[in-house]
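A.B. asks: predicted model, plus sequence, below.
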Amino acid sequence: WILIYSNSNIQYNAFTERGDSIKVRAMDGELEVTIYKIENENELPNGRNAIQSMTINTTCTEENDLTLNNLYGALQLVEFTTRNDDDQLQQINSALATIQIDYVVSTPSPISVNITTARSSSNSSSGNVTEIV
């Protein structure tokens, strides 16, 4: 379970599994993060099951070292956005990318077949990925 406050407002408060992506917005330049270990679905977060608490300063300065893929406790920074003074989106910076690849199956001579599955394999920084579509 992760609970995140910014400027005394709850930005995130939910059961979260390892590998989940969460999005939060720091309202005052910092995030107050508490991570809880929840043993069963009836258990609620409390001071006794807190396993990590931290403050993350989200102001983009060299001292804060907000670098993509850096770990901040149990959290990893994989994306951030910058906004201008009018709170308009200026730039999205991401360590992850969602891509779509369309395949065209062809043969040198016409044949009649029904394709029911296709296997796609790739290598990435997180390891080999195989997907059956």
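C.D. replies: Arrived safely. Because the structure is a prediction, the values reported are computed rather than measured.

A.B. asks: ok, residue 26 touching residue 6?
C.D. replies: Yes: counting by CB atoms under 8 Å, residue 26 does reach residue 6; the two are 4.8 Å apart. (Each C-beta comes from the backbone N, C-alpha and C, glycine too.)

A.B. asks: which stretches of this structure have low pLDDT?
C.D. replies: 27-28, 89, 93, 95-111, 113, 115, 117-133 (pLDDT under 70).

A.B. asks: please repeat the previous calculation with a cut-off of 50.
C.D. replies: The chain contains residues with pLDDT under 50 at 126-130, 133.

A.B. asks: please enumerate the strands of it.
C.D. replies: Using DSSP state E, the strands assigned to the chain run over residues 2-6, 9-14, 30-36, 50-57, 71-72, 75-76, 79-83, 89-94, 119-124, 127-132.

A.B. asks: any chance of those in a markdown table, with mean neighbour count and distance to residue 44 too?
C.D. replies: Output for the strands of the chain, formatted as a markdown table (neighbours: other CB atoms under 10 Å; distance: least, CB to CB, whole Å):
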| stretch | mean neighbour count | distance to residue 44 |
| --- | --- | --- |
| strand 2-6 | 20 | 11 |
| strand 9-14 | 13 | 11 |
| strand 30-36 | 19 | 9 |
| strand 50-57 | 14 | 12 |
| strand 71-72 | 12 | 25 |
| strand 75-76 | 16 | 21 |
| strand 79-83 | 12 | 29 |
| strand 89-94 | 10 | 33 |
| strand 119-124 | 8 | 37 |
| strand 127-132 | 8 | 35 |
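
A.B. asks: understood, closing this out.
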